[in-house]
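**Q** missing the sequence, but the structure's below:
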DNA sequence: GTGAAAGCGCTAACAC
DNA sequence: GTGTTAGCGCTTTCAC
């Protein structure tokens, strides 16, 4: 195992000078740099990452906790995080959680042991309260509204855009509207935001029959569509939780030969774009990039990012 | 930042004794252990992971390079890897690659810098030759047959089971058979294995028209089904690349009101099980677990694991 | 059963 | 511009 001392000895310079050329610092003459790089190349030397981390007191790596990667929310977030990490010369590692509290705790403990400089939670099983406690051991960044907890976060301003969407529907005299979501009202802040926006705009509670949860895939959307298509009292508009899902729903209506209601998708996916389905783009890639920036910033804060209602998709 | 010296000083013992209790070693009296643990708890101390890594010359973490997690192949592998890692007290980190050579190179360089003890490639964009070269810098484990390259690997014995499947079909006098795969023959070893098994059993080349590639989702399977259902010369059996896909295909045939051919799925998914569709279970979870074991073993080797043809699913 | 001390490989003051 | 050296926080001989 060749180390920096070997390079110093063989090049005839000191370890500090070698360190300088390794870290592309100034105050090294061209000749010296050349001499040292020659030896480095000859010996095929690379500095030991662990030693660097210990010495500089930072790992330059951020852990990204995420349940799973099969939803556009996570993939878009991840792309944003990776892009920003690359730009800042940070490494990112994915920490799969499946919303498992035990696993999440393991990652928090790893943070506490300085295995990572910070943790980004794209979602979480553990209560926010618990996450907040671990802040004393290291930076923790959320990708959702932290509400009462003082945690740095970058998140999409969901409610405002949902309000905008329902206002649009109301102006067009839609009165019977359904909402599709992935997780139940009780546990999901997103579902709550959607329903809350509806109630704010329409000044009445949403009938439980018009809230359809458990929708994840386009196929689920299709099933929901089959159900709604045969209602005696049809809905005229549906806020779905994804363009793919809206497309699935549309298909069911077409198959049932019923007039397709006004569908609004989310996440601005390709599937919706080709069919010109209105959508809400939460710009999760931007959210991810900002989350990464917060993770490495000196001044953590909470940032609400604007989402966008796209009618003429 | 409290460190091991603080604990030593405040407990009245030496750092080496503290280190012993941290590492659950023997040769520490019960009283000493108690005293030291009291101080540790009082100060809420945890040892610094980076320092431990440097000192012991190992990180106890394995990097898992994977393109993306939205396919049962990867999720099953990952579960196996995680289970084995947990048992061995190793950490695993996911390194997303999207088959991007640049990214894969970055991870190989990280291995070289001892950021991880080993790398498991669940798939790769870089040629095997390149991966083989990096072995001199650290352990690299594949999840596919390394063929001519001397790389440790755990992988499913695909061909034998495909041969078994086609033999089954031949015995039942199926003569017109289609094959569905995700990636083209030229780039995919899996596709090659399927087609190769067909040709071995039937002693003739597969008509290009009966090889349908680019199939990833159940929806793709449905599209393929729509196509095959309207052929004037219908196929009587199809080897698909997933139970979900077989299910999608089945649906298309039913919709077209054509007799459904004998479909064989892969990966033993729930969707196929409920419909009793024959399948090939590659036991990727076992493959993943073995890959992790190879990653941390003293004696790396290449292991072919048996896959299983399940007719009465 | 416990302690002293020499590393592990690097960075960053500080001196020259 | 370059060198000396004291850490970073821990593990691990080797004594006792």
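**A** Nice, thanks for sending it over. Given the structure is predicted, the values throughout are model-derived calculations rather than measurements.
**Q** all strands of chain A, in order?
**A** Assigned by DSSP state E, chain A shows strands spanning A:61-66, A:91-96, A:118-121, A:139-142, A:153-157, A:177-180, A:211-212, A:237-239, A:262-266, A:279-281, A:302-306, A:308-310.
**Q** which stretch in those strands is the model least sure about?
**A** Mean pLDDT values for the strands of chain A show the minimum at strand A:91-96, a mean of 92.
**Q** is DNA strand C contacted by that strand?
**A** No: using C-beta under 7 Å from any atom of the strand, strand A:91-96 stays clear of DNA strand C, with a minimum separation of 14.9 Å. Yep, even glycine has a C-beta here, placed from its N, CA and C like the rest.
**Q** angle of that strand against strand A:61-66?
**A** For strand A:91-96 against strand A:61-66, the angle by axes from the mean of the first three to the mean of the last three C-alpha atoms, to 10 degrees is 30 degrees.
**Q** helices or strands next to strand A:91-96 in the packing?
**A** Packing partners of strand A:91-96 (3 or more C-beta pairs under 8 Å, 6 or more residues apart in numbering or on different chains; DSSP states H and E): strand A:61-66, helix A:72-88, helix A:101-112, strand B:91-96.
**Q** can you give me the helices in the stretch 201-313 of chain A?
**A** For the stretch 201-313 of chain A, applying DSSP state H, counting those that start in this stretch gives helices covering A:218-229, A:243-255, A:270-275, A:284-296.
**Q** May I see those helices arranged in JSON lines, with distance to DNA strand D and mean pLDDT as well?
**A** Shown next, in JSON lines, are those (distance: least, C-beta to the nearest atom of the strand, whole Å; pLDDT from 0 to 100):
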{"stretch": "helix A:218-229", "distance to DNA strand D": "49", "mean pLDDT": "93"}
{"stretch": "helix A:243-255", "distance to DNA strand D": "48", "mean pLDDT": "95"}
{"stretch": "helix A:270-275", "distance to DNA strand D": "49", "mean pLDDT": "89"}
{"stretch": "helix A:284-296", "distance to DNA strand D": "20", "mean pLDDT": "97"}
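**Q** how about CSV for the ones you listed, with mean neighbour count added?
**A** Converted to CSV, these look like this (neighbours: other C-beta atoms under 10 Å in any protein chain shown):
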stretch, mean neighbour count
helix A:218-229, 21
helix A:243-255, 23
helix A:270-275, 16
helix A:284-296, 24
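**Q** Please identify which of these is closest to residue A:133.
**A** Among the helices of the stretch 201-313 of chain A, the nearest to residue A:133 by C-beta to C-beta is helix A:284-296 (18.2 Å).
**Q** and the angle from that closest one to strand A:61-66?
**A** Orientation check (the same axes, to 10 degrees): helix A:284-296 against strand A:61-66 gives 130 degrees.
**Q** mind checking how far helix A:284-296 is from the chain centre?
**A** Helix A:284-296 has its C-alpha centroid displaced from the chain centroid by 8 Å (C-alpha atoms, centre = their mean, to the nearest Å).
**Q** Next: stretch A:22-33.
**A** 40 Å.
**Q** Name the surrounding residues that touch that stretch.
**A** With contact meaning C-beta atoms under 8 Å, 6 or more residues apart in numbering or on different chains, stretch A:22-33 is reached by A:4, A:13, A:17, A:20-21, A:47.
**Q** Pull out the buried residues from it.
**A** Residues of stretch A:22-33 classed as buried: A:22, A:28, A:32 (neighbour count, 16 or more other C-beta atoms under 10 Å in any protein chain shown).
**Q** can you tell which of the helices of the stretch 201-313 of chain A is closest to residue A:190?
**A** Among the helices of the stretch 201-313 of chain A, helix A:284-296 comes nearest to residue A:190, with 12.1 Å by C-beta to C-beta.
**Q** Now the phi/psi pair for residue A:29, please.
**A** For residue A:29, the backbone dihedrals (degrees, to the nearest 10) come out as phi -70, psi 160.
**Q** What distance do you get for it to residue B:191?
**A** Separation of residue A:29 from residue B:191 (C-beta to C-beta, to the nearest Å): 56 Å.
**Q** again with residue A:57
**A** Distance of residue A:57 to residue B:191, computed by C-beta to C-beta: 49 Å.
**Q** the more surrounded of those two?
**A** Each of residue A:57 and residue B:191 has its neighbours counted (other C-beta atoms under 10 Å in any protein chain shown); residue B:191 has more, 20 against 11.
**Q** The more buried one: what's it in contact with?
**A** Residues counted as contacts of residue B:191 (C-beta under 8 Å, 6+ apart) are B:179, B:181-185, B:211, B:213.
**Q** Where is pLDDT lowest across the buried residues of stretch A:22-33?
**A** Minimum pLDDT across those is recorded for residue A:28, with 87.
**Q** and that residue, backbone torsions?
**A** phi -130, psi 130.
**Q** circling back: what's the closest of the helices of the stretch 201-313 of chain A to residue A:85?
**A** Smallest distance to residue A:85 across these (C-beta to C-beta): 5.3 Å, for helix A:284-296.
**Q** Per-residue pLDDT of the residue nearest in space to the middle of chain A, please?
**A** Per C-alpha atoms, centre = their mean, the C-alpha nearest to the average position across chain A is that of residue A:77, at 3.0 Å. As summarised for this prediction, residue A:77 has a pLDDT of 94.
**Q** List the contacts of it.
**A** Neighbour list for residue A:77: A:66, A:122, A:143, A:284-285, A:287-288, A:291 [criterion: C-beta under 8 Å, 6+ apart].
**Q** thinking again about what came up before, for the buried residues of stretch A:22-33, which one is nearest residue A:247?
**A** Of all the buried residues of stretch A:22-33, residue A:247 sits closest to residue A:22, with 52.3 Å by C-beta to C-beta.
**Q** I'd like to know how far the closest one sits from residue A:100.
**A** As for residue A:22, its distance to residue A:100 is 40 Å (criterion: C-beta to C-beta).
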